[in-house]
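Engineer: any chance you could fold what I've pasted below:
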Amino acid sequence: MKELEIEVTADYIHHIVGVMKARFAKDVIVLFHVADKYECFLEDSTLVSEVLGIPQESYLRENGTTVYVTRFPAIELVEYRGRLTAAGYATCTNETRGGDGRHILKIYESDEFEEESEPDEE
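Structural biologist: Presented below is the predicted three-dimensional model:
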């Protein structure tokens, strides 16, 4: 599968979070594995920050709006997921990797899979 450069914008963040929630459940907390951390955005960032006591950070500012992120080390996933579950929240993780094997902030959507799986015409 070829890698595409992704420009991370507020619209992109809203889109990928929305797609993941549509796949799993609208009230699930979506955790994206990026490099050596897990990240969550939008309302998930607020919930995770409150439950786990991790401060939110400004991720990007665009058109007068700030998108916040809450991050924690990947090695803490089991403990933090357990705490979120005990507080009544369901979680899902996105484990997408780039061509170099590093976790990246991207999701693969069905049209990308279809392009990859279609046989070449000769």
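Engineer: make it CA atoms for all contacts and neighbour counts henceforth
Structural biologist: OK.
Engineer: and what about the residue nearest to the spatial centre of the chain, helix, strand or coil?
Structural biologist: With distances taken as C-alpha atoms, centre = their mean, the chain has Phe32 as the residue nearest its mean C-alpha position (3.1 Å). Reducing the assignment at Phe32 to three states with DSSP: H, G, I helix; E, B strand; the rest coil gives strand.
Engineer: list the contacts for it?
Structural biologist: Tyr38, Glu39, Cys40, Thr93, Asn94, Glu95, Leu105 (C-alpha atoms under 8 Å, 6 or more residues apart in numbering).
Engineer: do the same with Tyr12
Structural biologist: Under the criterion of C-alpha under 8 Å, 6+ apart, Tyr12 has no neighbours.
Engineer: buried set for the lengthiest strand in the chain?
Structural biologist: Ranked by residue count and defined by DSSP state E, the top strand of the chain is strand 65-73. Of the residues in strand 65-73, those scored as buried under the neighbour-count criterion (16 or more other C-alpha atoms under 10 Å) are Val67, Tyr68, Val69, Thr70, Arg71, Phe72.
Engineer: what's the first helix or strand after that strand?
Structural biologist: Taking DSSP states H and E as the definition, the helix or strand that follows strand 65-73 towards the C-terminus is helix 77-86.
Engineer: buried ones in the helix or strand following that next one?
Structural biologist: For helix 77-86, the succeeding helix or strand toward the C-terminus, using DSSP H and E, is strand 91-94. By neighbour count on 16+ other C-alpha under 10 Å, the buried set for strand 91-94 is Thr91, Cys92, Thr93, Asn94.
Engineer: save the residues you listed as a markdown table, and put in distance to Asn63 too.
Structural biologist: Shown next, in a markdown table, are those (distance: C-alpha to C-alpha, whole Å):
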| residue | distance to Asn63 |
| --- | --- |
| Thr91 | 30 |
| Cys92 | 30 |
| Thr93 | 29 |
| Asn94 | 27 |
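Engineer: what residues does the closest residue to Phe24 other than its chain neighbours make contact with?
Structural biologist: Taking C-alpha to C-alpha, 6 or more residues apart in numbering as the measure, Phe24 lies nearest to Cys92, with 7.6 Å between them; neighbours along the chain are not counted. With contact taken as C-alpha under 8 Å, 6+ apart, Cys92 is in contact with Phe24, Val28, Ile29, Val30, Leu31.
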